[in-house]
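Trainee: need a structure here:
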Amino acid sequence: MLEKMQEIFSPFQLPIELIFKTVGCNGVSNAWYSRPNVTICYEYLAEIQRDMPKETTPAGVTPVDAVLGQFFYAIAHEVGHAMFDLLSVPVFGYQEDAADQFAGYIILHFGKADARRLILGAAHSYNKYVQNPTVTAPLTAFSDEHGPPAQRFYNLLCLAYGADPVLFADVVEMKYLPKERARFCRGQYGELNYAFHQLILPHLDRQLAKQVMDKSWLPADDMPIGARKPN
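Mentor: Alright, predicted model coming up:
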């Protein structure tokens, strides 16, 4: 998978080499960027696999989609931090929110089938936080630099719906994304799209990016985790 990530992000023209690596973190589940590395803990990978659904969910998320969606979303989030750093991209607001937006934007530019599977798979990682209509949390939960999980869940679905209201129409129909929020999503995606084109696109090899995005990256829905052979 690290080699896959290398190929997927190869169109970005960076001033230094960005390294993806997995390491043991002494029991801590985490992922982070620190120049020049994007690091994923084995404990985090184990957590992703532990929390995957045992069967396809009512929203159509397969175990494979849940694992790959969350894994790619986490990697792309940390790559977002790397882009802001290495390309000196100004971030007006919370950088963690901006990294989430970067990750979602990248996913949405894969082929429609892969994009939908990855977005819904990534959204499933917040499943345990949105099961109840009422949330109780200690005040300090809102002091973290990352947004509350439920907020990140809605932001991701809103981004997807704003990018393609037809492909993701069911996230509103099935009430995963409230209609009150959905009506603003087109504009919010447009703001992100404009920012990407202004700040990130000049550092992208567009021809290579098209080759990357035209490929199918995901195994068949019913294929067990780890069963796919390399291309």
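
Trainee: going forward, measure contacts between C-alpha atoms and count neighbours the same way
Mentor: Noted.

Trainee: if I pick the nearest residue to Val23 once chain neighbours are set aside, what's in contact with it?
Mentor: Excluding the flanking residues, the one nearest Val23 by CA to CA, 6 or more residues apart in numbering is Cys41, at 5.1 Å. Counting by CA atoms under 8 Å, 6 or more residues apart in numbering, Cys41 touches 22-25, 28-31.

Trainee: what's the pLDDT at Cys41?
Mentor: At Cys41, the pLDDT value in this model is 97.

Trainee: heads up, I number from 19, so please use that
Mentor: In the new count, where the first residue is 19, that last one comes out as Cys59.

Trainee: hang on, the earlier thing: which ones among the contacts of Cys59 map onto strands?
Mentor: Mapping the contacts of Cys59 onto strands (DSSP state E) picks out 40-41, 49.

Trainee: Out of those, who's the most crowded?
Mentor: Ala49 (20 neighbours; other CA atoms under 10 Å).

Trainee: Name whatever forms a beta bridge with the nearest residue to that residue once chain neighbours are set aside.
Mentor: Once flanking residues are discounted, Ala49 sits nearest to Ile58: 4.5 Å by CA to CA, 6+ apart. As for beta bridges, Ile58 partners with Thr40, Ala49 under DSSP bridges.

Trainee: Ile58 contacts Trp50, correct?
Mentor: Yes: using CA atoms under 8 Å, Ile58 is in contact with Trp50, at 6.8 Å.

Trainee: of these two, who's got more company?
Mentor: The neighbour comparison of Ile58 against Trp50 (other CA under 10 Å) goes to Ile58, with 23 against 17.

Trainee: Poorly predicted segments of this protein, please.
Mentor: 239-249 (pLDDT under 70).

Trainee: residue boundaries of the strands in it?
Mentor: 37-41, 49-52, 55-59.

Trainee: want to try TSV for the ones you listed, with distance to Arg134 as columns?
Mentor: Below are the strands of the chain laid out as TSV (distance: least, CA to CA, whole Å):
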stretch	distance to Arg134
strand 37-41	25
strand 49-52	24
strand 55-59	24
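
Trainee: Let's check: the centremost residue of this protein is which one?
Mentor: Closest to where the C-alpha atoms of the chain average out (CA atoms, centre = their mean) is Tyr91, at 2.5 Å.

Trainee: Report the backbone C-alpha coordinates of the longest helix anywhere in the chain in PDB.
Mentor: The single longest helix within the chain, with elements called by DSSP state H, is helix 81-104. Taking Å, rounded to 0.1, in the frame of the first residue of the first chain, the C-alpha atoms of helix 81-104 are listed here in PDB:
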ATOM      1  CA  PRO A  81     -15.500  -4.200   5.000                       C
ATOM      2  CA  VAL A  82     -12.900  -3.500   2.200                       C
ATOM      3  CA  ASP A  83     -14.300   0.000   1.600                       C
ATOM      4  CA  ALA A  84     -14.200   0.800   5.300                       C
ATOM      5  CA  VAL A  85     -10.500  -0.200   5.700                       C
ATOM      6  CA  LEU A  86      -9.300   1.400   2.400                       C
ATOM      7  CA  GLY A  87     -11.400   4.500   2.800                       C
ATOM      8  CA  GLN A  88     -10.200   5.300   6.300                       C
ATOM      9  CA  PHE A  89      -6.600   4.400   5.400                       C
ATOM     10  CA  PHE A  90      -6.500   6.600   2.300                       C
ATOM     11  CA  TYR A  91      -8.300   9.400   4.100                       C
ATOM     12  CA  ALA A  92      -5.800   9.400   6.900                       C
ATOM     13  CA  ILE A  93      -2.800   9.300   4.500                       C
ATOM     14  CA  ALA A  94      -4.300  12.100   2.400                       C
ATOM     15  CA  HIS A  95      -5.000  14.200   5.500                       C
ATOM     16  CA  GLU A  96      -1.300  14.000   6.500                       C
ATOM     17  CA  VAL A  97      -0.200  14.700   3.000                       C
ATOM     18  CA  GLY A  98      -2.400  17.800   3.200                       C
ATOM     19  CA  HIS A  99      -0.300  19.000   6.100                       C
ATOM     20  CA  ALA A 100       2.800  18.300   4.100                       C
ATOM     21  CA  MET A 101       1.500  20.300   1.100                       C
ATOM     22  CA  PHE A 102       0.800  23.300   3.300                       C
ATOM     23  CA  ASP A 103       4.300  23.100   4.800                       C
ATOM     24  CA  LEU A 104       6.400  22.300   1.700                       C
END
